[in-house]
Structures are given as C-alpha cells and as structure tokens.
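A.B. asks: here is the input, now give the coordinates:
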Amino acid sequence: MSAAVQIREPETDVRAAMRAIGAEARAAARALANASGEQKNHALAAAALALRERSAEILVANALDLADAGAKGLSPAFLDRLALDPTRIEAIAKGVEDVARLPDPVGRVLATFVRPNGLRIERVATPLGVVGVIYESRPNVTADAGALCLKSGNAVVLRGGSDSFHSSAAIHACLVAGAKEAGLPEAAISRAPFASRAAVGEMLEGLGGTLDVIVPRGGKSLVERVQREARVPVFAHLEGVVHVYVDRAADLDKALKIVVNAKMRRTGVCGAAETLLVHRSAAPSMLRPLIVALIEAGCAVRGDAAARRADPRVTAATEEDWRTEYLDAIIAVRVVDSLEAAIDHIETYGSHHTDCIVTEDPAAAGAFLKQVDSAIVLHNASTQFADGGEFGFGAEIGIATGRMHARGPVGVEQLCTFKYRVHGDGQTRA
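C.D. replies: Residues are numbered from 1 along each chain as shown. Presented below is the predicted three-dimensional model:
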C-alpha cells in the first residue's frame, strides 16, 4: 500500500502541537533568511524532482480525497479544483522550477541615498519571517505557497482544507524532501496535520506569536473568518466578483474570444468572469452573439430585460446575481448606458479583484484603467490572466485586494519586507 494511503490525523492536543509547529518554523525562518540563493534553488529543484518521482503516490492520495468529496455530493466545479492528474502534477512541478528560476528577492537594494552628513542609507529587501497559509480544496496551493515562501526566505506553516487532506500531505512530503536534500530545516515548510477547524483557530491567534502574516485561499466564509478573527496581518481577497465590460468601440471577434475564455476556461478560479456588461450602443450587434457563444460553451446566462430579449434562453437576473461569485458555468449579463455606468456598476457590485474592458477606443480604455479601483485591471485581455504565473512571478500565494503592502498577485517580491542599512564613518548626532 502506498504511503499516501496511510496518512492519518494524529491524536494529540491541537493547541500544543500547533504552537510547537510555530516555534519550529520560527527557528527555521532564521536559517532560511540567511540561506544562499543557490541553496534555496537546490531545495526547489529537488522538490520538483520528488513531485515527479512520487506522482503515483500523489494520485493515490488525491483519489481518496476525490472519493470523499464525491460521497459528500460536492459540485463538479469543486471536484475540478480538487482533482489532480499526471498533467496537473507536471504543471505543479514545473511551477516549483519556475519559482527557482526567479531572481532571489532577498537582499535586493531597493533604494540608496546619501544624507548631507555623509551617511549612506540603503533600503534592503528582507523576508517577512513566518507565513501562515490557510487554504481549501486546491492541493496545488501546497506547492505554490511552499515554493514561494522558501524562495523569499520565509518559513511557512500550511493548513490545507479537510477536502484536500491526503493530496496536500503527499505534496508537502515532496517539498520537505527537497528542503532536506538542500540542507535546510524540514520545518522551513511545515504543515498542520489536522483536519479540524481548531488548527485554523490556533493559526488565527498567531501560534503563540510565531506567525508574522496569514494568507487565506478559499471561499468567502473562510476569508471572512480569517479577516474577522486573525490577530496578525492578513493578505487576502474576500471574493472575485470579476467583470468584463464590452464597450461600444469593441471589436466583436475580440470580444467573443475574451468573454468566453474569461468565463469558461476554468470557471472555478478567482479570475473567472462573473458579470458581463455591454454598452447599449453595442448591444444591437454584439449582445446576442456574446450570449449565444456563452450558452454554446455550456454557460447558463442570467440577465436583465435587454439580455432576455436578445435570447429567450436567458433567465432573469436578481439583484443578488450582480454580487455573486459563481465559480461555476453561470454568468450575469447587463446592458449599461455608458462607460461611466459600467464603472459605477463595478464600483457598486465588484470586489476590487479583477476587471476588464474590451474596446478599440484608447480614451475609453484609459478612463477604465484609471478609474476602476481593482487590484488587476485589463484592456483587451481575458481576466483569466489574473495569475501570478502569467505575471511572470513564477506562481502566487494568492491575490490580495487590500491596499496595504501587497496588492494583486502575491509573489516572491511581495513576500518580502525591508530594513534600512546605514553606513557611516564616525558621524554623531548634535
């Protein structure tokens, strides 16, 4: 029997065990902060190799999670987020290698200036310390978060959801093997071995002062709880109510490609479009083709009166639909009177995550990009590009929609803070 099948939640005191994990991670963070770039890259390369070599074990573990999720009657979109196959495991391994190829963010000199008294001051990037990551059904987050934290010199404590318990444990074992191979502490990438919610509560309390920041990845209820109860700083987005606005100056062929991809490429990701807005001047020629393309792609459409007139298969949208992150093959469609009305709708109903304009009018594009206050704003490109890998970050630990420190995809640079180094030659202050 594969080792993956034998994974069990330990029978022990959760509070004491979690605090011990935090203390070990804090000690490991000191070693990681001083590790060379070569040593960290060695660990990531070894972890990627382990992911490939243990692919069969990971798939056995994932089958256990999928069987349990299926027995619970969870949705097809949820099962898609949870499911692994050889192609996805290879993509996970490649993502770890992509992180290894990134420049080392630690020790970067962000600014240098010389004061009139001759003091030379440098602002230098340093790790945050210990990062806690709480996530739900996506087992790939285990590898993404572990790799990004290690590359940025941070220790990490991972707590995956109970639905991905076995998959996350199998992937985590590969990351630990990589760290060990490179001579780094195994606690550099720690995992809470508990499916109970008590482990989440301990992390929200900060594990006895050992956590420096928490990143939640999951549904609205999880993120709301983290933001409400956390006693340490949080990088988070509450939900991804993502819009595509088709302007009156849009190119129809371009709009069709972008809208269908933004909604249907993967419906369960946070960058998937949830609402389509169409300028009233564009509606006569574009509204019906857009709706037909979505329906033919397998998407259910809920719309306003204009959308329902365009195609009788459209069902009536409610006020709640404009605020909903479906994470499924459903989209809400509304016709708006102007660019300004589209921006007002996004401000009223959006979540400041990702929003897109499709237009050939540079002035309209410029106004949209300037006025829409979202972490990611696109012009003539699918919202599914809201991804750290697509930004060249190698991967992301999440997408932050707050306004402090990190915003948008949180990659290795965003997982760093800074300190000041001051160089003098005997100066004293009067």
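A.B. asks: helix, strand or coil for residue 180?
C.D. replies: Classification of residue 180 using DSSP: H, G, I helix; E, B strand; the rest coil returns helix.
A.B. asks: excluding its backbone neighbours, what's nearest it?
C.D. replies: residue 186 (5.6 Å; CB to CB, 6 or more residues apart in numbering). No exception for glycine: its C-beta is placed from N, CA and C like everyone else's.
A.B. asks: does that neighbour touch residue 173 like I think?
C.D. replies: No - with contacts defined as CB atoms under 8 Å, residue 186 does not count as touching residue 173, sitting 10.3 Å away.
A.B. asks: in terms of neighbours, single out the busier of the two.
C.D. replies: The residue with more neighbours, out of residue 186 and residue 173, is residue 173; 22 against 13, by other CB atoms under 10 Å.
A.B. asks: and the more buried one, helix, strand or coil?
C.D. replies: Residue 173 carries the three-state label helix when classified by three-state DSSP.
A.B. asks: measure it to residue 18 for me?
C.D. replies: Using CB to CB, to the nearest Å, residue 173 is found at 19 Å from residue 18.
A.B. asks: do residue 145 as well
C.D. replies: Here the distance between residue 145 and residue 18 works out to 17 Å (CB to CB).
A.B. asks: do residue 289 as well
C.D. replies: Distance from residue 289 to residue 18, by CB to CB: 54 Å.
A.B. asks: which one's more surrounded, those two?
C.D. replies: Between residue 289 and residue 18, counting by other CB under 10 Å, residue 18 is the more crowded of the two (27 against 16).
A.B. asks: which elements pack onto the longest helix along the chain?
C.D. replies: Among all segments of the chain classified by DSSP state H, the helix with the greatest residue count is helix 14-33. The helices and strands touching helix 14-33, judged by 3 or more CB pairs under 8 Å, 6 or more residues apart in numbering; DSSP states H and E, are strand 120-127, strand 130-135, strand 155-159, strand 189-191, helix 197-204.
A.B. asks: tell me the angle the helix or strand following it makes with helix 14-33.
C.D. replies: Moving toward the C-terminus from helix 14-33, the first helix or strand encountered (DSSP states H and E) is helix 37-53. Between the direction of helix 37-53 and that of helix 14-33, the angle (axes from the mean of the first three to the mean of the last three CA atoms, to 10 degrees) works out to 130 degrees.
A.B. asks: and helix 37-53, what does it pack onto?
C.D. replies: By contact count (3+ CB pairs under 8 Å, 6+ apart), the secondary structure elements abutting helix 37-53 are helix 86-101, helix 140-151, helix 165-181.
A.B. asks: tell me which of those helices is the most buried.
C.D. replies: helix 140-151 (a mean of 28; mean count of other CB atoms under 10 Å).
A.B. asks: can you pull the contacts of the residue nearest to the spatial centre of the chain?
C.D. replies: Averaging the C-alpha coordinates of the chain gives a centre point, and the residue nearest to it by CA atoms, centre = their mean is residue 398 (2.4 Å). Residue 398 makes contact with 215-217, 235-237, 409-410, according to CB atoms under 8 Å, 6 or more residues apart in numbering.
A.B. asks: quick check: buried residues in stretch 204-223?
C.D. replies: Judged by neighbour count using 16 or more other CB atoms under 10 Å, the buried positions of stretch 204-223 are 204-207, 210-219, 222-223.
A.B. asks: from these, which ones fall inside helices?
C.D. replies: Secondary-structure check on the buried residues of stretch 204-223 using DSSP H: residues within helices are 204, 222-223.
A.B. asks: quick one, phi/psi of the residue nearest to residue 205 when sequence neighbours are not counted?
C.D. replies: Leaving aside its sequence neighbours, residue 205 sits nearest to residue 231 (CB to CB, 6+ apart; 5.7 Å). Taking degrees, to the nearest 10, you get phi -100, psi 10 for the backbone angles of residue 231.
A.B. asks: distance of residue 231 from residue 196?
C.D. replies: Counting by CB to CB, the gap between residue 231 and residue 196 amounts to 19 Å.
A.B. asks: any regions of the stretch 301-430 of the chain where pLDDT drops low?
C.D. replies: 394, 404 (pLDDT under 70).
A.B. asks: ranges for the helices of it?
C.D. replies: The residue ranges that make up the helices of the stretch 301-430 of the chain, judged by DSSP state H, counting those that start in this stretch, are 305-310, 339-349, 362-371.
A.B. asks: can you say which of these is nearest to residue 56?
C.D. replies: helix 339-349 (45.5 Å; CB to CB).
A.B. asks: check residue 2 and give its pLDDT.
C.D. replies: On the pLDDT scale, residue 2 is placed at 40.
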